[in-house]
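> Here is the input, now give the coordinates:
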Amino acid sequence: MRLRKPKSETAKLRAVVASLPKNVADWTPEQRREFTTQSDRATREENSVTKNVKRR
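Next up is the predicted model:
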């Protein structure tokens, strides 16, 4: 049995972008929020930053 690798945040971001209207002006506030949240997660993953890191 082969274990499946969990989807990366970047892959999830691609799926979110694919589901959005082509014209950004047509996005609803909920769609903008979803995009922003997933984009932030993908950026943190790419930069190896965790959400719970405390800054000095």
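
> pLDDT at K5, what is it?
Per-residue pLDDT puts K5 at 66.

> That should have said T36, apologies.
In this model, T36 is scored at 95, pLDDT.

> Distance from the chain centre to whatever helix or strand it lives in, please.
Using DSSP states H and E, the secondary-structure element containing T36 is helix 29-46. Centroid separation for helix 29-46 versus its chain: 4 Å, with CA atoms, centre = their mean, to the nearest Å.

> Verify the stated contact: F35 with R14.
No. Using CB atoms under 8 Å, F35 is not in contact with R14, being 11.5 Å away. To be clear about C-beta, it is placed using only N, CA and C from the backbone, and glycine gets the same treatment.

> what inclination does the strand or helix carrying L13 have with respect to helix 29-46?
Using DSSP H and E, L13 sits within helix 9-19. Angle of helix 9-19 versus helix 29-46, following axes from the mean of the first three to the mean of the last three CA atoms, to 10 degrees, is 160 degrees.

> which parts of helix 9-19 are buried?
Within helix 9-19, the residues that count as buried by 16 or more other CB atoms under 10 Å are E9, L13, V16.
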